[in-house]
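model the following, please.
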Amino acid sequence: MGYLYYGNLPDPIEFPDRLLAHLKVVIATKLRRHESFTMSWRNAAGDEGGRSTVWIEPSIPLRFVFGSAEPEPLHAPTLSELANRASSTAGLTVDLDTVIPFDADASPASSTSAMA
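Predicted structure coming up:
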């Protein structure tokens, strides 16, 4: 599992490493373009509230911490889908149970061009 530290929130947001790797690419691309958006997810059972939303913009510090030292291979169709969601009026809605397929020919950096 990995963690997204958002602004000055005391507790990080927990995501599976593979999903977090994809979110990192989408978020970094949007922020590099100076595009702000919302990101929402359903809270884990036992957490406060049923769902959460944060405003993502360049002035808010973010830190991505991965459980694994090895980079996750990226799946271009998933990157495109997440980028499209982030660009929608509803914002990026993340399903923490998302299963991201593996490409047979994917390498950790091979799919980043899907965001260009």
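
where does the most centrally placed residue in the chain fall, secondary structure wise?
For the chain, the residue sitting closest to the mean C-alpha position, by C-alpha atoms, centre = their mean, is residue 23 at 1.9 Å. Assignment of secondary structure by DSSP states H and E places residue 23 within helix 17-32.

and for residue 78?
Secondary-structure assignment from DSSP H and E places residue 78 in helix 76-87.

and that helix with helix 17-32, angle?
If you take axes from the mean of the first three to the mean of the last three C-alpha atoms, to 10 degrees, helix 76-87 sits at 50 degrees to helix 17-32.

I'd like the next helix or strand past helix 76-87.
Next along the chain from helix 76-87, counting by DSSP H and E, comes strand 92-94.

show me where pLDDT drops low in this protein?
Low-confidence segments of the chain, defined by pLDDT under 70, span residues 46, 104-116.

let's go with 50 and repeat that
In the prediction, the chain carries residues with pLDDT under 50 at positions 107, 109-114, 116.

surely residue 100 forms part of a strand?
No. Assessed with DSSP: H, G, I helix; E, B strand; the rest coil, residue 100 is coil; it does not lie in a strand.

quick check: buried residues in the helix holding residue 78?
78, 79, 81, 82, 83, 85, 86 (16 or more other C-beta atoms under 10 Å). No exception for glycine: its C-beta is placed from N, CA and C like everyone else's.

packing partners for the helix holding residue 23?
Secondary structure elements in contact with helix 17-32, counted by 3 or more C-beta pairs under 8 Å, 6 or more residues apart in numbering; DSSP states H and E, are strand 2-6, strand 37-42, strand 51-56, strand 62-65, helix 76-87, strand 92-94.

and it, how far from the chain's centre?
Taking C-alpha atoms, centre = their mean, to the nearest Å, one finds the center of helix 17-32 at 5 Å from the center of the full chain.

C-alpha coordinates for it, PDB please?
What follows is helix 17-32, C-alpha atoms only, in PDB (Å, rounded to 0.1, in the frame of the first residue of the first chain):
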ATOM      1  CA  ASP A  17       0.700   1.100  -4.900                       C
ATOM      2  CA  ARG A  18      -0.400   0.300  -8.500                       C
ATOM      3  CA  LEU A  19      -3.300   2.700  -8.400                       C
ATOM      4  CA  LEU A  20      -1.200   5.400  -6.700                       C
ATOM      5  CA  ALA A  21       1.400   5.200  -9.400                       C
ATOM      6  CA  HIS A  22      -1.300   5.900 -12.000                       C
ATOM      7  CA  LEU A  23      -2.800   8.700  -9.900                       C
ATOM      8  CA  LYS A  24       0.700  10.300  -9.600                       C
ATOM      9  CA  VAL A  25       1.100  10.500 -13.400                       C
ATOM     10  CA  VAL A  26      -2.400  11.900 -13.900                       C
ATOM     11  CA  ILE A  27      -2.100  14.400 -11.000                       C
ATOM     12  CA  ALA A  28       1.500  15.500 -12.000                       C
ATOM     13  CA  THR A  29       0.400  16.000 -15.600                       C
ATOM     14  CA  LYS A  30      -2.600  18.100 -14.600                       C
ATOM     15  CA  LEU A  31      -0.600  20.200 -12.200                       C
ATOM     16  CA  ARG A  32       2.200  20.800 -14.700                       C
END
